[in-house]
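*Asks:* Here's a sequence, model it:
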Amino acid sequence: MSSSSPTGPFVGRPVIAVLAIVALMLAAANLRGGLVVVGPLVMEIRDSLQISASAFSLLTTLPLLCFAGMSICVPWLTRRWAPQWISIAGLMVISLGVGFRLLDSYALVIVGTLLLGCAIAVLNVLIPGLVKAFFPRQVGLMTGLYSVTLSLGAGMGVFLAIPLLEQFGDWRYPVALWAVLPLFSVLFWLPMLKVKTVGRPANRQRVSLWRDKIAWSITFYMGLQSFYFYSMATWLPKILLENGLDAHQAGTATALINLVSIPFNLFVPILAAKMANQRLLVVGTFMVSFIGIAGIWWQPNAAPLLWASFIGMGCGSALSLALSFFVLRAENTAQATALSAMAQSIGYLLAALGPVSLGLMRDISGHWQWALLLLLALQLGQLASGWSAARPIKVKPDQSKL
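*Replies:* Numbering: from 1, shown residues only. This is a model prediction of the structure:
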């Protein structure tokens with residue numbers, strides 16, 4: 001059978017195969033928009049809720065901590081309920097969490113943020129395993145589409161925020177969009193309940209990867225690329241502003257990170273799936289990331305758009321490669337889910353530490369040079385972990401019955 005033909009649960013079922021693709025992509029579209037939409041609305045939300053800048057910062061940092069804490073629980077959930085049911089529940093909780101963030105009480109907004117972060121964490125972990133279960137022969141293409149949709153969802157959240165605010169005159173309208181979209185997405189997940197091959201495992205096996213070297217390599221690769229991305233997304237505008245660029249130039253350069261990453265989100269997983277090992281991609285990703293951050297360290301105002309483009313290439317390639325490792329290094333859906341949970345729990349903990357640690361280094365030193373040198377050093381660590389993760393070796397878990 002051609003690798004472009006549906007396999008797994010969709011052989012001879014083209015309609016439900018298309019519905020599965022739409023369901024997966026819609027789930028991916030919901031995983032960033034509800035979080036990033038508050039960024040462009042910071043002043044309106046602060047004025048409405050009468051909160052300080054530090055109180056507002058919890059709306060963006062708490063979800064990352066939820067990602068770290070909740071990700072590790074997903075394999076436990078999948079041993080008790082079918083992944084399709086968990087996906088539907090996750091989408092509904094995303095809608096509920098965003099709904100809480102529309103209220104006038106800051107305490108309830110925090111509750112909504114926690115719900116939103118936990119639900120997104122579950123789907124972050126679950127979807128790579130579902131990609132492997134639904135499309136075992138198309139993991140490269142489907143991982144690429146998933147990664148692209150993830151970036152597009154984030155971009156749409158930022159892009160639509162101000163136009164919807166100006167149209168309706170209230171910051172709650174652009175936020176409310178992300179309470180409605182998950183409910184619409186659930187409609188496409190309901191037919192997935194009929195797909196029996198990825199239901200709850202009959203043997204109720206627990207898959208542990210904490211002693212596996214390949215799993216740890218992938219975990220560190222995921223963590224270091226997350227540290228890099230969230231650090232740059234948080235501080236690049238301020239770095240450029242402090243080096244003489246105006247707000248428009250700094251904003252354009254930062255926007256390029258997400259824009260340039262999109263083609264790499266798509267094509268890197270496709271290439272990765274065709275390679276015996278992915279070391280060439282690991283090295284290429286390292287080179288463009290290193291050049292981007294070195295340029296910002298060396299002379300940020302010389303070619304900020306060029307440096308930002310290199311950073312975008314590296315971020316897009318690294319994220320897509322990390323997601324590809326989840327499915328390429330696993331033998332089955334349970335292993336892919338366990339690997340995703342392990343890598344994302346530690347990965348997003350590192351991501352949450354990134355902006356804080358770089359900001360602290362800036363405050364202590366009075367400049368960004370040491371913080372940028374730290375990022376350059378961590379790129380070497382990312383290269384080493386990626387070199388190990390790229391070996392064509394499957395993870396070897398310890399398995400035990402519950």
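*Asks:* what's near enough to touch Leu19?
*Replies:* The contact partners of Leu19, by C-beta atoms under 8 Å, 6 or more residues apart in numbering, come to Phe188, Pro191, Met192. From N, CA and C alone the C-beta is placed, and that goes for glycine too.
*Asks:* Surely the last one and Ala20 touch.
*Replies:* Yes: counting by C-beta atoms under 8 Å, Met192 sits close enough to Ala20 to count as a contact (6.3 Å).
*Asks:* Name the residue in the two with the higher neighbour count.
*Replies:* Ala20 (27 against 22; other C-beta atoms under 10 Å).
*Asks:* what's the distance between that one and Lys194?
*Replies:* Relative to Lys194, Ala20 is positioned 11 Å away (C-beta to C-beta, to the nearest Å).
*Asks:* which residues of the stretch 101-250 of the chain score low on pLDDT?
*Replies:* Along the stretch 101-250 of the chain, segments meeting pLDDT under 70 span 197-205.
*Asks:* Make sure Arg101 is actually in contact with Leu114.
*Replies:* No: using C-beta under 8 Å, Arg101 is not in contact with Leu114; the gap is 10.4 Å.
*Asks:* These two: who's more crowded?
*Replies:* Counted by other C-beta under 10 Å, Arg101 and Leu114 do not tie: Arg101 has more neighbours, with 26 against 18.
*Asks:* and Cys66, how many neighbours?
*Replies:* 23.
*Asks:* And for the one 5 residues further on?
*Replies:* Applying the criterion other C-beta under 10 Å, we find 26 residues in the vicinity of Ser71.
*Asks:* That one reaches Leu339, doesn't it?
*Replies:* No: here Ser71 does not reach Leu339: they are 11.1 Å apart, not a contact under C-beta under 8 Å.
*Asks:* Restricted to helices, list the contacts of Leu19.
*Replies:* In this view, these that belong to helices under DSSP state H are Phe188.
*Asks:* now the contacts of Leu19 in CSV, with distance to Gln225?
*Replies:* Converted to CSV, the contacts of Leu19 look like this (distance: C-beta to C-beta, whole Å):
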residue, distance to Gln225
Phe188, 30
Pro191, 34
Met192, 30
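*Asks:* so where's the longest helix in this structure?
*Replies:* Counting residues, the longest helix found in the chain (DSSP H) is helix 333-365.
*Asks:* What is that one packed up against?
*Replies:* helix 53-71, helix 74-78, helix 106-134, strand 205-208, helix 213-242, helix 304-328, helix 369-389 (3 or more C-beta pairs under 8 Å, 6 or more residues apart in numbering; DSSP states H and E).
*Asks:* and the ones you listed, which is most packed in?
*Replies:* Among the helices and strands packed on helix 333-365, ranked by average contacts under mean count of other C-beta atoms under 10 Å, first place goes to helix 304-328 (a mean of 26).
*Asks:* That one - what's its average pLDDT?
*Replies:* Mean per-residue pLDDT for helix 304-328: 94.
*Asks:* Could you list every helix and strand that it packs against?
*Replies:* Using 3+ C-beta pairs under 8 Å, 6+ apart: helix 304-328 touches helix 106-134, helix 139-168, helix 213-242, helix 247-274, helix 279-298, helix 333-365, helix 369-389.
*Asks:* Turn the ones you listed into CSV, including distance to Ala308.
*Replies:* Converted to CSV, those look like this (distance: least, C-beta to C-beta, whole Å):
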stretch, distance to Ala308
helix 106-134, 25
helix 139-168, 15
helix 213-242, 7
helix 247-274, 4
helix 279-298, 7
helix 333-365, 17
helix 369-389, 14
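*Asks:* ok, and the closest non-adjacent residue to Pro40?
*Replies:* Ranked by C-beta to C-beta, 6 or more residues apart in numbering and with sequence neighbours excluded, the top spatial neighbour of Pro40 is Ala161, at 4.1 Å.
*Asks:* one step back: now for Ala20 and Lys194: what residues contact both?
*Replies:* In contact with both Ala20 and Lys194: no residue, using C-beta under 8 Å, 6+ apart.
*Asks:* For the closest residue to Phe100 other than its chain neighbours, list the residues it contacts.
*Replies:* Of all residues not flanking Phe100 in the chain, Gly112 sits nearest, at 2.6 Å (C-beta to C-beta, 6+ apart). For Gly112, the contacting residues are Leu96, Gly97, Val98, Gly99, Phe100, Arg101, Leu102, Leu103, by C-beta under 8 Å, 6+ apart.
*Asks:* Work out for me the element the first one sits within.
*Replies:* Same thing as Leu96. In the assignment (DSSP states H and E), Leu96 maps to helix 83-100.
*Asks:* C-alpha coordinates for that helix, PDB please?
*Replies:* The C-alpha trace of helix 83-100 is given here as PDB (Å, rounded to 0.1, in the frame of the first residue of the first chain):
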ATOM      1  CA  PRO A  83      -8.300   9.100  24.000                       C
ATOM      2  CA  GLN A  84     -11.300  10.400  21.900                       C
ATOM      3  CA  TRP A  85     -13.400  10.900  25.000                       C
ATOM      4  CA  ILE A  86     -10.400  12.700  26.700                       C
ATOM      5  CA  SER A  87     -10.000  14.900  23.700                       C
ATOM      6  CA  ILE A  88     -13.700  15.900  23.700                       C
ATOM      7  CA  ALA A  89     -13.500  16.600  27.500                       C
ATOM      8  CA  GLY A  90     -10.300  18.600  27.000                       C
ATOM      9  CA  LEU A  91     -11.900  20.800  24.300                       C
ATOM     10  CA  MET A  92     -15.000  21.400  26.500                       C
ATOM     11  CA  VAL A  93     -12.700  22.400  29.500                       C
ATOM     12  CA  ILE A  94     -10.800  24.800  27.200                       C
ATOM     13  CA  SER A  95     -14.100  26.400  26.400                       C
ATOM     14  CA  LEU A  96     -15.100  26.500  30.100                       C
ATOM     15  CA  GLY A  97     -11.700  28.000  31.100                       C
ATOM     16  CA  VAL A  98     -11.900  30.700  28.500                       C
ATOM     17  CA  GLY A  99     -15.400  31.400  29.700                       C
ATOM     18  CA  PHE A 100     -14.100  32.000  33.200                       C
END
